[in-house]
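Asker: Structure for this input, please:
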Amino acid sequence: MSDKIFDFEIIEDIEETKMGEIIDFISQIGDTRCQGKIKHKLTDIVILTLLAMLANVEYWTQVEDFGNYYERILKKYLELPNGIPSHDTIQRVISTISPEAMQGVVNRWNRLLGEKEDEKLKKIFNIDGKTMRGSKNKDKEALHVMTAYSQNDRVCSSQETVEGKGREIAGIMQLLENLKIRNCIITIDAIGTQKKIVEKIAGEGGDYCLALKKNQQDLYEDVSEYMNDRDFQRGMKYYKTVEKARGGIETREYYMTDNTKWLNKRHTGWKKLKGIGMCKLSIEKGGEVTSHTRYYIMSITEEISEFARAVRGHWGIESLHWVLDVVFREDSNRTLNRTAAKNLNILRKLSINILKELTYRKENMSYKRKRLAVSMDFRNFLMQFTGLKNWN
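Answerer: You can find the predicted model right below:
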């Protein structure tokens with residue numbers, strides 16, 4: 001029997017997943033501070049913040065406390081020429097880093113993980129936004145982060161931060177500019193069902209599956225009326241799934257048709273529009289049944305299973321936002337410096353990706369329990385995380 005508090009290991013072999021490579025990526029972040037006045041290495045501070053975050057730490061003062069508690073073991077891997085920096089110094093240094101450079105670290109990590117699904121399946125990017133409520137003050141709106149989540153890799157592939165929720169469309173357009181979307185499927189909630197967004201996706205050689213709500217009133221009404229017509233439904237492709245989830249039974253019914261000639265005549269300007277779809281979700285729990293229906297426009301019509309994968313997969317990014325709020329308590333963090341807040345958001349997503357690769361031999365564990373496990377058995381985790389080499 002193991003004498004460790006938690007008997008865990010990094011998924012697969014450390015040489016294959018290359019966990020230690022992330023340290024090299026962080027060391028490549030440019031330091032813009034005045035070199036003659038530097039007391040603490042930027043790499044040390046970023047790694048310290050990341051490790052603290054993995055170990056259930058959420059606030060700047062706690063990062064300092066964490067560093068002081070583990071200073072002796074951290075010095076085996078970090079230089080720490082002047083000991084553990086103060087929480088003010090940690091926050092100030094994090095605020096000097098370009099969020100683009102920090103995102104570059106995550107992107108390199110994601111490329112190392114590689115795709116987890118069948119390469120024959122089209123890659124799906126789910127795009128959605130989340131407001132960082134803790135970044136709001138009396139002079140500025142809260143930051144709104146638009147994230148592209150790779151369903152295939154189950155990681156955050158890219159993100160753009162905009163000032164306030166009302167600028168989501170601009171953030172989506174910039175995300176699409178950054179992503180390689182050729183031969184990929186883009187899913188976006190109704191806010192992204194805009195003609196210029198469709199034109200951008202189609203122009204880059206991508207496909208789309210976009211939700212419809214009443215912000216596109218006429219289109220929404222026409223699609224919903226058509227999809228619910230019993231006579232028309234007989235000619236549609238149909239797919240059904242039933243699964244247990246959250247203490248209930250969830251039934252999803254998917255309908256899809258490529259009969260859009262009538263729609264294209266009534267609603268012009270939707271590039272590459274080839275199909276419309278509907279998903280009916282029914283949840284039976286405690287003897288009660290609740291249901292709701294969503295409608296979609298899309299450029300994919302070959303297989304209804306692909307439509308179902310795109311629709312069902314969008315929960316992944318919603319789940320990511322839930323983890324940020326509930327597990328990492330992002331909304332309660334009152335970091336007002338905009339750059340520092342952006343970088344913390346990126347580091348949280350990197351932490352989620354790392355925790356995802358952390359598995360326990362006896363049982364599946366939630367992110368919250370994994371963070372607690374790292375905090376309670378940090379030395380064992382550190383040995384696994386560093387892998388085959390020191391960080392210096």
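Asker: For the chain, which element, helix or strand, carries the lowest mean pLDDT?
Answerer: When each helix and strand of the chain is scored by mean pLDDT, DSSP states H and E, helix 14-17 comes last, with a mean of 40.
Asker: ok, then the element right after that helix?
Answerer: Per DSSP states H and E, the first helix or strand lying C-terminal to helix 14-17 is helix 21-27.
Asker: Flag every buried residue along that following helix.
Answerer: 22-23, 25-27 (16 or more other C-beta atoms under 10 Å). Yep, even glycine has a C-beta here, placed from its N, CA and C like the rest.
Asker: quick one: contacts of the next helix or strand after it?
Answerer: Sequence order places helix 42-54 as the next helix or strand after helix 21-27, per DSSP H and E. When contacts are defined by C-beta atoms under 8 Å, 6 or more residues apart in numbering, helix 42-54 is touched by residues 23, 26-27, 29, 31, 33, 62-63, 66-67, 74, 78-80, 84-85, 89-90, 93-94, 96-97, 328, 347-348, 350-351, 354-355, 371, 374, 381-382, 385, 391.
Asker: what about S135, neighbour count?
Answerer: Neighbour count for S135, taken as other C-beta atoms under 10 Å: 27.
Asker: Could you do the one 4 residues further on as well?
Answerer: By other C-beta under 10 Å, 6 other residues sit near D139.
Asker: which ones are touching it?
Answerer: Contacts of D139 (C-beta under 8 Å, 6+ apart): none.
Asker: Also the one 4 residues further on?
Answerer: Residues counted as contacts of L143 (C-beta under 8 Å, 6+ apart) are 131-132, 135, 161-163, 338, 341-342.
Asker: For ChimeraX, what selects the buried ones among these?
Answerer: Burial among the contacts of L143 is assessed by 16+ other C-beta under 10 Å; the matching ChimeraX selection reads:
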select :131,132,135,161,162,338,341,342
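Asker: now, which of the contacts of L143 lie within helices?
Answerer: 338, 341-342 (DSSP state H).
Asker: could those be laid out in CSV, adding distance to R234 and pLDDT?
Answerer: CSV is the format used below for the ones in helices among the contacts of L143 (distance: C-beta to C-beta, whole Å; pLDDT from 0 to 100):
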residue, distance to R234, pLDDT
R338, 54, 89
A341, 53, 92
K342, 51, 91
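Asker: right, and out of those residues, which lies closest to L219?
Answerer: K342 (34.6 Å; C-beta to C-beta).
Asker: How about the closest one, nearest residue that isn't a chain neighbour?
Answerer: Nearest non-adjacent residue to K342, counting by C-beta to C-beta, 6 or more residues apart in numbering: P99, 4.2 Å away.
Asker: Please look at that neighbour and A340 and confirm they touch.
Answerer: No. Using C-beta atoms under 8 Å, P99 is not in contact with A340; the gap is 9.6 Å.
Asker: quick one, which of those two is more surrounded?
Answerer: A count of neighbours by other C-beta under 10 Å puts A340 above the other of P99 and A340, at 22 against 18.
Asker: residues contacting the more buried one?
Answerer: 91, 94-95.
Asker: Can you tell me which of these end up in helices?
Answerer: 91, 94.
Asker: if I look at Y59, how far off is K123?
Answerer: Separation of Y59 from K123 (C-beta to C-beta, to the nearest Å) stands at 36 Å.
Asker: between those two, who's got more neighbours?
Answerer: Neighbours per residue, other C-beta under 10 Å: of Y59 and K123, the larger number sits with K123, 21 against 16.
Asker: wait, doesn't that one sit right on T187?
Answerer: No. At 11.5 Å, K123 and T187 do not qualify as touching, with contact defined as C-beta under 8 Å.
Asker: shared neighbours, these two?
Answerer: In contact with both K123 and T187: no residue, using C-beta under 8 Å, 6+ apart.
Asker: Okay, and the beta partners of the closest residue to I300 other than its chain neighbours?
Answerer: Excluding the flanking residues, the one nearest I300 by C-beta to C-beta, 6+ apart is D207, at 5.0 Å. Residues in a beta bridge with D207, per DSSP bridges, are I185.
Asker: what's the burial count for I38?
Answerer: Considering only other C-beta under 10 Å, I38 is surrounded by 13 other residues.
Asker: pLDDT value on it, please?
Answerer: With respect to pLDDT, I38 scores 91.
Asker: next one: T359
Answerer: 75.
Asker: After the host helix or strand of it, which helix or strand is next? Please name it.
Answerer: In the assignment (DSSP H and E), T359 maps to strand 358-360. Counting by DSSP H and E, the next helix or strand C-terminal to strand 358-360 is helix 367-376.
Asker: Show me what counts as buried in the following helix or strand past that following helix.
Answerer: Note on helix 367-376: by DSSP H and E, the next helix or strand toward the C-terminus is helix 378-386. For helix 378-386, a neighbour-count test (16+ other C-beta under 10 Å) marks 378, 380-382, 385-386 as buried.
Asker: ok, now stretch 189-200?
Answerer: 189-194, 197-198, 200.
Asker: same question, stretch 345-356
Answerer: 345-355.
Asker: got it, and stretch 163-183?
Answerer: In stretch 163-183, counting by 16+ other C-beta under 10 Å, buried: 167-168, 171-176, 179, 181.
Asker: just stretch 242-262 next, same as before
Answerer: 248, 251-257, 260.
Asker: do you know how far the residue most central in space within the chain is from Q216?
Answerer: Centroid-nearest residue in the chain: C156, 3.8 Å away (criterion: C-alpha atoms, centre = their mean). Using C-beta to C-beta, C156 is found at 28 Å from Q216.
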